[in-house]
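Chemist: fold the following and give me the result.
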Amino acid sequence: STLQTAEHPAGALYDVQALLQPNTDGYYLKTIAAIEEQFSDTEGKTKRLFLLVNPAWRDRSSWGFFGGAKAQALILDRYTTTYALDQFVVRGEKVSLLKSWPDDWAVYVTRNDASADKACLVTTFKNRPEYKDIDAVILANR
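Modeler: Sure thing, here's the model as predicted:
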């Protein structure tokens, strides 16, 4: 993992910091807290765009038993998912779950038939759907 910073001559408002591929180690939770002490989108702090890039962070369970509560408070409850793409198989169907801000979570299915090269949008969800929600959609669209 790495912390990348791009500073603009006009000031922090135009800067970008990106923490790429941090894992669930407590070190990264401390790093995020330290970055937010200097720059944040909260009142009284200098504004700077801060990106957290990690495809493995999905929910509280991503941090295991001991780090989940802290990660929930520091990251999951405070940062909005702006882009995510997950792919998996449900009932033999290839499913792509896409979140692209400002849109809702979209569920695409690639069928195991003649149209297998084309993903079709089957539904959207306001919040990230659970596996059981996607399973129900697959069953309803068979």
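Chemist: all contacts plus neighbour counts: C-alpha atoms, from now on.
Modeler: Fine.
Chemist: spatially central residue in this structure, please.
Modeler: Centrality entry for the chain: nearest residue to the mean C-alpha point is T81, 4.4 Å, by CA atoms, centre = their mean.
Chemist: can you find the helix or strand in the protein with the smallest mean pLDDT?
Modeler: Every helix and strand in the chain was compared by mean pLDDT, DSSP states H and E; the lowest is helix 64-71, with a mean of 80.
Chemist: which residues touch the residue nearest to the centre of the chain?
Modeler: Contacts for T81 (CA atoms under 8 Å, 6 or more residues apart in numbering) come out as 99, 101.
Chemist: ok so it is a helix residue?
Modeler: No. Secondary structure of T81 (DSSP: H, G, I helix; E, B strand; the rest coil): coil, not part of a helix.
Chemist: all numbers from here: first residue = 634
Modeler: In the new numbering, first residue 634, that becomes T714.
Chemist: just the pLDDT at it, thanks.
Modeler: Listed pLDDT for T714 reads 87.
Chemist: can you check S748 too?
Modeler: For S748, the predicted pLDDT is 58.
Chemist: low-confidence ranges in this structure?
Modeler: 673-675, 688, 746-749 (pLDDT under 70).
Chemist: one more time with 90
Modeler: Applying pLDDT under 90 to the chain flags the ranges 634-636, 638, 644-650, 652, 654-715, 725, 744-752, 774-775.
Chemist: for it, what spans make up the strands?
Modeler: 635-639, 649-653, 682-686, 716-723, 726-733, 738-743, 753-758 (DSSP state E).
Chemist: with distance to A667 and mean neighbour count as extra columns, can I get those strands in JSON lines?
Modeler: Compiled in JSON lines, the strands of the chain are given as follows (distance: least, CA to CA, whole Å; neighbours: other CA atoms under 10 Å):
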{"stretch": "strand 635-639", "distance to A667": "12", "mean neighbour count": "12"}
{"stretch": "strand 649-653", "distance to A667": "12", "mean neighbour count": "17"}
{"stretch": "strand 682-686", "distance to A667": "12", "mean neighbour count": "16"}
{"stretch": "strand 716-723", "distance to A667": "24", "mean neighbour count": "13"}
{"stretch": "strand 726-733", "distance to A667": "28", "mean neighbour count": "18"}
{"stretch": "strand 738-743", "distance to A667": "31", "mean neighbour count": "21"}
{"stretch": "strand 753-758", "distance to A667": "34", "mean neighbour count": "15"}
